[in-house]
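>>> how does the following fold in three dimensions:
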Amino acid sequence: MRNDGFLHKYFLNNGSKRLHKWVHYFDIYERHFERFRETKPIFLEIGVMGGGSLNMWKEYFGSGSKIIGIDINPRCKIHECDGIEIFIGSQDDEGLLAEVLSKYPHIDIVLDDGSHMSRHMIASFEFLYPRISKSGVYMVEDTHANYWEEWEGGYKKSDTFIEFSKSKIDELNAVHTRGAVPPTTFTKTTDSMAVYDSVIVFEKGVQGSRQDLITNGMMFSSNTIE
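Predicted coordinates:
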């Protein structure tokens, strides 16, 4: 597995379509997406805007990959090209998400860079996460908006995606809560969560049986032959 800083270099050298990203995101992207390069993944980005990131993902994941965009603005359809398809509608529209999944039932990666409204982020996550590939990745970025009132957020506000994600930590550890949190499908199908400045990542993977082992050094008696 290589990590050649492709995305950061692409961003700095971008001279075509509008591409707006926080610089520290690129290390996060490459840490979690690198294993999908050259594997022809199906990648869904919620939020298209200027279309620049869709082209970046197409170049990053390589030949045979399929890049899907969702945006509420119909004008974003102009960014469609070979290997890139765009669906128009709201990210919390289950009908739209079902339409995407009916055409692409094995999505490997979801990147939510959409409205940044928690109610939309939670709705997309709850519908899509159980349906993506068993070893897929679901990444939500710009979660700092959850702290801002103009984005329907606020510190410790109970209905933000940040607080929703905190509850998912308990759900991930449900088997250790002594019944306080019952194991769920999320528990059984999630390998890890990673929390960064403004980004939360969910890595899927089947949880195996837990084994609590003790190992120790070999014990020698006083009459051991030296």
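
>>> please point out which parts of stretch 78-94 sit buried.
Going by neighbour count (16 or more other CB atoms under 10 Å), the buried part of stretch 78-94 is H79, I84, E85, I86, F87, S90, Q91, D92, D93. The C-beta positions use only the backbone N, C-alpha and C, and glycine is treated the same way.

>>> model confidence over it, on average?
Across stretch 78-94, the average pLDDT comes to 95.

>>> state the pLDDT value of E99.
If you check E99, the pLDDT there is 97.

>>> next: G208.
70.

>>> correct me if wrong, but it is in a helix.
No - counting by DSSP: H, G, I helix; E, B strand; the rest coil, G208 is located in no helix; its state is coil.

>>> residues in contact with stretch 197-207?
Under the criterion CB atoms under 8 Å, 6 or more residues apart in numbering, residues 22, 24-25, 28, 32, 129, 132-144, 161-162, 165, 168, 187-195 lie in contact with stretch 197-207.

>>> now with 6 Å, please.
For stretch 197-207, the external contacting residues (CB atoms under 6 Å, 6 or more residues apart in numbering) are 28, 32, 134-144, 165, 188-189, 191-194.

>>> now, of these, which are buried?
Looks like those have I28, H32, G136, V137, Y138, M139, V140, E141, D142, T143, S165, T189 buried, using 16+ other CB under 10 Å.

>>> mind checking how far the helix or strand that contains the first one is from the chain centre?
Read it as I28. For I28, the element it lies in under DSSP states H and E is helix 25-33. Averaged C-alpha coordinates place helix 25-33 at 10 Å from its chain's average position (CA atoms, centre = their mean, to the nearest Å).

>>> and the next helix or strand after it, what does it pack onto?
Next in sequence after helix 25-33, counting helices and strands by DSSP H and E, comes strand 42-46. With contacts taken as 3 or more CB pairs under 6 Å, 6 or more residues apart in numbering; DSSP states H and E, strand 42-46 sits against strand 66-71, strand 109-112.

>>> any chance of these in CSV, plus distance to E152 and mean neighbour count?
Putting these into CSV (distance: least, CB to CB, whole Å; neighbours: other CB atoms under 10 Å) gives the following:
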stretch, distance to E152, mean neighbour count
strand 66-71, 19, 23
strand 109-112, 15, 24
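
>>> using TSV, lay out those together with distance to A123.
TSV is the format used below for those (distance: least, CB to CB, whole Å):
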stretch	distance to A123
strand 66-71	12
strand 109-112	11
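
>>> so which residues of this protein form helices?
With DSSP state H as the criterion, the chain has helices at 6-12, 25-33, 52-61, 94-103, 118-128, 161-172, 185-189.

>>> quick one: closest of those helices to W151.
Nearest of the helices of the chain to W151, taken as CB to CB: helix 118-128 at 7.9 Å.

>>> how about residues contacting the closest one?
Residues from elsewhere that reach helix 118-128, judged by CB under 6 Å, 6+ apart: Q91, D92, E94, L97, V110, D112, V140, N146, T160, F161, F164.

>>> what is the burial count for the last one?
Under the neighbour criterion other CB atoms under 10 Å, F164 is assigned a count of 18.

>>> tell me the predicted confidence for it.
Confidence at F164, expressed as pLDDT, is 98.

>>> contact partners for it?
F164 sits next to I122 when contact means CB under 6 Å, 6+ apart.

>>> can you rerun that using 8 Å?
Contacts of F164 by CB under 8 Å, 6+ apart are S118, I122, F125.

>>> sweet, I'm off.
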